[in-house]
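# coordinates for the following, if possible.
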Amino acid sequence: MSSAAEQEAVTGERSAADGRAVADGRPAVVVNGARRAVPPTAVPARPGTPVPLGARFRTGPDQVAGTNFALWAGGAEAVELCLFDGPGPGAGERRVRLTELTHEIWHGFVPGVRPGQRYGYRVHGRWDPWTGARWNPAKLLLDPYARAVDGDFTLPPEVYGHVRDWPEQRVADTVRDDRDSAPHVPKGVVVHDDDDWSDDRRPKTPWADSVIYELHVRGFTKLHPGIPPELRGTYAGLAHPAAIEHLTRLGVTAVELLPVHQFAHESHLLDRGLKNYWGYNSVGYFAPHAAYAASGTTGEQVGEFKRMVRALHAAGIEVILDVVYNHTAEAGELGPTLSLKGIDNRGYYRLQPDARRYADYTGCGNTLHVVQPHVLRLITDSLRYWVTEMGVDGFRFDLAAALARSMHDVDMLSPFLAVIAQDPVLRRVKLIAEPWDVGSGGYQVGAFPPLWTEWNDRYRGAVRDFWRHALPDVREMGYRLSGSSDLYAWGGRRPYASVNFVTAHDGFTLRDLVSYERKHNEANGEGNRDGTDDNRSWNCGVEGETDDEDVRALRRRQSRNLLTTLLLSTGVPMLVAGDEMGRTQRGSNNAYCQDNETGWVDWSLRDDPEWRPLFELTARLVALRHRHPVLRRRAFFSGRAHSADGLRDLAWFTAEGAEMTERDWYAPAATLGMYLSGRDIPGRDEYGDPVVDDSFLAVLHAGGDPAGFVLPGPPWAQRYEVVVDTGREEQDAAPGTVHPAGAEITVPGRTVLLLRAG
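Residues are numbered from 1 along each chain as shown. You can find the predicted model right below:
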């Protein structure tokens, strides 16, 4: 059936649910199929102000305390503020008609409304999905600017703007559902912000000195034995000294928190008894996710989050938020009506040319229309709020390419990137792009402008392939180890534009990367169809866990190789919580809905004799990185000689001890030597003095058998001292073996050697 025919087929149902005003001018609702006028408002409202958006508690000029409410709702015909005072989810509703309209912002000041008040909105307008209009006043909507949210989204049929179980499913989204959703949805909470952060000291770690640790607030703390049970899984748990002790012992400089914006669970997960664990399904861009609060959900979560940030800052650790501004939890045309869809569907979302359906560059059903000024304002207001009032230090933008699209194509001169570049608050914080989306032309690694760093998945692929001995040549590995100049040496960008990682939340853990060749996502209930098949993993000969000690030892060695490579590479390393002590997800590479032991960090591993050495090695490598500026350069290598003796800042060697030629780069190789000169580091220290460091030779050998390697002679060094040897389970704290230059040493199979040149 054509779109026109479909529209004609449901005209009767659609017009019966028409939400236009009745004759007296008051908005209408539909009750049992009949349009009735909304009762007169029970609560008086003063005009208030259109700025700031959201709910702001204040005292008026006449010293009357109350809250100013302001909501952008372009195209709406009427807006009602709904205040909830009863004990039940939808009980005690009082409605306030907002009569003031300024530049499409509905606003009013309500005396007597104080912090802790729960509220939502009902927005009236046309119901015409064929043109993208989906107003439905029967649905209570969450304020996009709500700073706290009380309750959870359970997604019964009442929260859908359309009749979810309409017999003709192909047109179900065009038939309006007039059941009241208020008893079934969370409410916004009025919050009073009076914190000036005067007692906080931000670490302000330079990018080049940063070591990022990606973690999940709940998963990192849920099983920690040193955290009181009532605090596990919460912001307060992450602020606890037992959690911070692990981070400081490891030496990381920043935590990157998986989404903490208020999010909702997808209906298909709830139907299977699961929940969205990772949180990439945002619905409230100003509110810390209430389920992670130990202190309460009627505003207390805001203070708890701030205390967490302060505690991390006091330990010298920055807080970076993984944020999801590319889409919301309202999904596509068959998704629920929770907030933006019911406020102004056409204004907030990118729609396809027929306007009924959504443009989807995210794989999640919808894409925010960031070129619209009010949408751009929502995002930037949210970002500034988290920096200035919640104390965070930066952001990692999920599917950032979707935000950089202009009308259709990804555009590095897009309004979003332009606004960020000139914003006096946001241009000073850490900005990390996930530089792709799922749309055409969405892969943009290396393309983001200065100020931005990027998740470098080409680094991930090259390092994984090298250690499973699957690289067709070593050019890719050379670029990735030395800062990815082929991607980032333009426009004033620096090596720290590359956020290097071997694993992330999405995919295998480090231990699983060396234990599985196939994904095992059966527990997600999707027939193991979800999750990528491009894992570039090697199971060391046995799929999954095994009692074979030789296989287990090889897996631990491969784990050491991967982490050592990461922490010796130029760029910003990112570790994933638990990888440093052998966390496993039993082969799941898509644990997004596993809020259980699969997704949580197993803290017993830190004291497990089998995995404790990996933690100690990781901490040692991070400390080595902090001590040696040659490992965290602020400028790209030149590869040129800077002195008469011919010593260069970066040199590459074959196993024969000869410098690599052009031909060598285009051939596969199991062994690679990388020389880093500490004598030729660009820049000055904080006192204006030249930066001078030790020089190092890193030898990476991915072959299974031992191999000889000739140590380069002068001018590179006279002798070499072993600093790290991943062939050893335990690393010696004392100085290692010293070899003379020119000697041929034996490198054990699948080993990294780091040698100090002297």
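# so where's the chain shaky on pLDDT?
Low-confidence segments of the chain, defined by pLDDT under 70: 1-42, 90, 733-734.
# go again with 50.
For the chain, the stretches flagged by pLDDT under 50 are 1-41.
# tell me how it divides into domains.
Structural domains assigned to the chain are 3-189, 645-757, following automatic domain parsing.
# I'd like these as JSON lines, with mean neighbour count and distance to Asp530 appended.
Glycine gets a C-beta too; all of them are placed from N, C-alpha and C. Listed next are the domains of the chain as JSON lines, based on neighbours: other Cβ atoms under 10 Å; distance: least, Cβ to Cβ, whole Å:
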{"stretch": "domain 3-189", "mean neighbour count": "18", "distance to Asp530": "20"}
{"stretch": "domain 645-757", "mean neighbour count": "17", "distance to Asp530": "31"}
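# can you map out the helices along the stretch 551-700 of the chain?
Per DSSP state H, counting those that start in this stretch, the stretch 551-700 of the chain carries helices over the ranges 612-627, 662-665.
# quick one: closest of those to Leu81.
helix 612-627 (50.9 Å; Cβ to Cβ).
# what helices and strands are in contact with the closest one?
Other helices and strands packing on helix 612-627, by 3 or more Cβ pairs under 8 Å, 6 or more residues apart in numbering; DSSP states H and E, are helix 241-250, helix 549-568, strand 719-725.
# go again using 10 Å as the cut-off
helix 241-250, helix 549-568, strand 572-576, strand 719-725 (3 or more Cβ pairs under 10 Å, 6 or more residues apart in numbering; DSSP states H and E).
# packing partners for the shortest one?
Read it as strand 572-576. Counting contacts by 3+ Cβ pairs under 10 Å, 6+ apart, strand 572-576 is packed against strand 212-215, strand 254-257, strand 430-433, strand 452-455, helix 457-467, strand 498-500, helix 549-568, helix 612-627.
# can you give me the angle it makes with helix 457-467?
With axes from the mean of the first three to the mean of the last three Cα atoms, to 10 degrees applied, the angle from strand 572-576 to helix 457-467 works out at 70 degrees.
# tell me the gap between stretch 176-184 and the middle of its chain.
With Cα atoms, centre = their mean, to the nearest Å as the basis, stretch 176-184 stands 32 Å off its chain's centre.
# take it, keep the C-alpha atoms, and write them as CSV.
Output of stretch 176-184 as CSV, limited to C-alpha atoms (Å, rounded to 0.1, in the frame of the first residue of the first chain):
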residue,chain,number,x,y,z
ARG,A,176,-3.0,8.1,18.5
ASP,A,177,-3.2,6.5,21.9
ASP,A,178,-5.1,8.6,24.4
ARG,A,179,-4.3,6.8,27.6
ASP,A,180,-2.6,8.8,30.3
SER,A,181,1.0,7.9,30.6
ALA,A,182,1.6,9.9,33.9
PRO,A,183,1.4,6.9,36.2
HIS,A,184,4.0,5.1,34.2
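# going forward can the numbers begin at 418, since that is how I track them
Sure, I'll start counting at 418 from here, so that last one is stretch 593-601.
# redo the helices of the stretch 968-1117 of the chain as CSV? Include distance to Phe703.
Shown next, in CSV, are the helices of the stretch 968-1117 of the chain (distance: least, Cβ to Cβ, whole Å):
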stretch, distance to Phe703
helix 1029-1044, 34
helix 1079-1082, 50
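# would you mind finding the most buried of the ones you listed?
Comparing these by mean neighbour count (mean count of other Cβ atoms under 10 Å), helix 1029-1044 ranks first with a mean of 19.
# does anything pack onto the helix or strand hosting Val1169? Which helices or strands?
Taking DSSP states H and E as the definition, Val1169 sits inside strand 1168-1174. Judged by 3+ Cβ pairs under 10 Å, 6+ apart, the packing partners of strand 1168-1174 are helix 966-985, strand 1088-1093, strand 1112-1118, strand 1124-1127, strand 1136-1142, strand 1155-1157, strand 1161-1164.
# which among those is found nearest to Met824?
Comparing the helices and strands packed on strand 1168-1174 under Cβ to Cβ, the one sitting nearest is helix 966-985, at 38.7 Å.
# buried sites along the closest one?
Across helix 966-985, burial judged by 16 or more other Cβ atoms under 10 Å covers 968-969, 971-985.
# write down the beta-bridge partners of the residue nearest to the spatial centre of the chain, one by one.
For the chain, the residue nearest the mean C-alpha position is Asp739 (2.6 Å; Cα atoms, centre = their mean). Taking DSSP bridges as the rule, Asp739 bridges to Arg813.
# quick check, it in contact with Leu816.
No: using Cβ atoms under 10 Å, Asp739 makes no contact with Leu816, being 11.1 Å away.
# spit out the residues that contact the two alike.
Shared contacts of Asp739 and Leu816 (Cβ atoms under 10 Å, 6 or more residues apart in numbering): 697, 851.
# re earlier: just so I know, which of the helices of the stretch 968-1117 of the chain lies nearest Gln839?
Closest to Gln839 of the helices of the stretch 968-1117 of the chain is helix 1029-1044 (Cβ to Cβ; 33.5 Å).
# what angle sits between that closest one and strand 1168-1174?
30 degrees.
# chain center to helix 1029-1044, what's the gap?
Between the centre of helix 1029-1044 and the centre of its host chain there is 25 Å, according to Cα atoms, centre = their mean.
# keeping just the C-alphas, turn that helix into CSV.
Extracted in CSV, the C-alpha atoms of helix 1029-1044 (Å, rounded to 0.1, in the frame of the first residue of the first chain):
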residue,chain,number,x,y,z
ARG,A,1029,48.1,-10.3,40.0
PRO,A,1030,51.4,-10.0,38.0
LEU,A,1031,49.5,-8.4,35.1
PHE,A,1032,48.2,-5.7,37.5
GLU,A,1033,51.7,-5.0,38.8
LEU,A,1034,53.1,-4.8,35.3
THR,A,1035,50.4,-2.4,34.2
ALA,A,1036,51.1,-0.1,37.2
ARG,A,1037,54.8,-0.3,36.5
LEU,A,1038,54.4,0.6,32.8
VAL,A,1039,52.1,3.6,33.7
ALA,A,1040,54.7,4.8,36.2
LEU,A,1041,57.4,4.4,33.6
ARG,A,1042,55.3,6.5,31.2
HIS,A,1043,54.9,9.2,33.8
ARG,A,1044,58.6,9.3,34.5
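# next, the angle helix 966-985 makes with it.
10 degrees.
# tell me the angle helix 1029-1044 makes with strand 1136-1142.
Using the same axes, to 10 degrees: helix 1029-1044 against strand 1136-1142 is 130 degrees.
# right, I'll leave it there.
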